[in-house]
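Visitor: Next comes the sequence, and after it the predicted model I'd like to discuss.
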Number of protein chains: 2
Amino acid sequence: MKLDLDFLHDKFGKIFEVGLLKELAEFGTYMDVEEGFVLMRPGGYIRTVPILLSGSVKIVRSDSEGREALLYYLGEKDSCAMSLTCCLNSRQSEITAITDSQTQLISVPVSKIEEWMTKYLSWKEFVFMTYQKRFDDLLAAIDQIAFFKLDERLISLLKKKSAQCGCTVFNVTHEELGNELATSREVISRLLKQLERLGRVKLSRNKIELLDIVLK
Amino acid sequence: MKLDLDFLHDKFGKIFEVGLLKELAEFGTYMDVEEGFVLMRPGGYIRTVPILLSGSVKIVRSDSEGREALLYYLGEKDSCAMSLTCCLNSRQSEITAITDSQTQLISVPVSKIEEWMTKYLSWKEFVFMTYQKRFDDLLAAIDQIAFFKLDERLISLLKKKSAQCGCTVFNVTHEELGNELATSREVISRLLKQLERLGRVKLSRNKIELLDIVLK
DNA sequence: GGGGCTTTGTAACAATTATCACTGAACAAG
DNA sequence: CTTGTTCAGTGATAATTGTTACAAAGCCCC
């Protein structure tokens, strides 16, 4: 599918110049990928930078033994700072990026990233804003891991997930939550049961409903 | 003290263009600060970006209750990505930067950061390399906190400190190590004693000597 | 409607880390 | 040399998190 200029204008008219929108339409590649698609994996070479149109992408750090730690989510109009640094320094990925829901995005080739930096002020600002945001995200991730206990981190993760999907009920297994918090399934089950007993969540197979958690 | 062009040429001749070196000499401010000087604290406004000439700077994340987590060290020719993002987006600092030894640095005003980006290719590259490095550092910090147990993190921290000072003996209190690993002094004392019993370190008041640890 | 798979619940126990409460050693300064 | 202060050692105990092992519930599909 070809990118439609009117569509881009609606989406990005407020942050990008007209000339840039045209180039985005011309050189960007539209992609529509299903949930669970791996956009990037550690060691992979990165030749394009994604810009999300809709949906969400989970950015995860994995260690050598297959354990994981959730870093942050990308949402609408977000882009990936890792891709940027990797592209601009032609290095391999250090992280895993995986779609967390049906996701539409524009894929921009490396060559244009640099070219537009000098050509369009709004693109330069976008790139630096992306860095800033991802730095903040990483710092927030460090806060969570370093300063909070698991139960609090779990609640925080549930909130984040509900914010991502925009609703209080979502599908997820205890296993997946365990992976994202770099702990085991059993621990998550225990903590969730505890939260259910406190009336803060409602559990069923493959599904969690937040009760008071969002409101607090 | 005025910055000497020859000195800058020796230090940065390989990475910066001549024109840039001249501007650095003209607009940069030379600073020589003692150990323990706080260059930046959370909430502080940032109007300059530091570039280290020698010494080292510790970058730390603090939470609201005063607990800390070491993020990374800056060494010679390093610069701070936080400063960059904060300057370029005129935001407040999210971290603490404190000199870890006698440190010499050049302080570059915000206005020049942006100007040089379009003017000097080598400066643009330097800025992006800085982002890349700090991203890597943050990811490494997350790896440590998320995937390793305290004893391993302690060893890793000791190694880092010895690398910073370039020797196997250095001054540090258990209290300080505890802060940097976001744990208590007692825990550190116990782990260190364990390491001493294994013949891997030699402890005395305010001082730690690494024995086999460096070699491994 | 009976396997086979995935997901969840949970008890029992182990390991790790945190906290509290002291004690004594090292040092600095009068 | 005494005194006050900082730093380190350590036992006891608690809290948190990890591991093992197994049972049961939900779901898919023939």
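Guide: Nice, thanks for sending it over.
Visitor: Walk me through the domains of chain A.
Guide: A:5-146, A:149-210 (automatic domain parsing).
Visitor: DNA strand D is nearest to which of those domains?
Guide: Nearest to DNA strand D among the domains of chain A is domain A:149-210 (3.3 Å), distances taken as CB to the nearest atom of the strand. Every C-beta, even on glycine, is put in place using the N, C-alpha and C of the backbone.
Visitor: circling back: looking at the domains of chain A, which is buried most?
Guide: Mean neighbour count (mean count of other CB atoms under 10 Å in any protein chain shown) peaks for domain A:5-146 among those, with a mean of 18.
Visitor: now for the domains of chain A, which one comes closest to B:Ala140?
Guide: domain A:5-146 (9.5 Å; CB to CB).
Visitor: In TSV, list the domains of chain A along with distance to B:Leu192 and mean pLDDT.
Guide: Formatted as TSV, the domains of chain A follow (distance: least, CB to CB, whole Å; pLDDT from 0 to 100):
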stretch	distance to B:Leu192	mean pLDDT
domain A:5-146	21	91
domain A:149-210	25	95
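Visitor: Could you list which residues are in contact with the closest residue in space to A:Leu84 that isn't next to it in sequence?
Guide: Excluding its sequence neighbours, the residue lying closest to A:Leu84 (CB to CB, 6 or more residues apart in numbering or on different chains) is A:Val49, at 5.9 Å. Contacts for A:Val49 (CB atoms under 8 Å, 6 or more residues apart in numbering or on different chains) come out as A:79-80, A:83-84, A:87, A:107-108, A:110, A:113.
Visitor: A:Leu5 too?
Guide: The contact partners of A:Leu5, by CB under 8 Å, 6+ apart, come to A:21-22, A:25.
Visitor: Same list (the residues you listed) but as JSON lines, adding secondary structure and distance to A:Asp32.
Guide: Listed next are the contacts of A:Leu5 as JSON lines, based on DSSP: H, G, I helix; E, B strand; the rest coil; distance: CB to CB, whole Å:
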{"residue": "A:Leu21", "secondary structure": "helix", "distance to A:Asp32": "20"}
{"residue": "A:Lys22", "secondary structure": "helix", "distance to A:Asp32": "22"}
{"residue": "A:Ala25", "secondary structure": "helix", "distance to A:Asp32": "16"}
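Visitor: From those residues, list the ones also adjacent to chain B.
Guide: Among the contacts of A:Leu5, not one lies near chain B by CB under 8 Å from any CB of the partner chain.
Visitor: which phi and psi does the residue nearest to A:Gly28 when sequence neighbours are not counted have?
Guide: Nearest non-adjacent residue to A:Gly28, counting by CB to CB, 6+ apart: A:Ile106, 4.1 Å away. The phi/psi pair for A:Ile106 (degrees, to the nearest 10) reads phi -110, psi 130.
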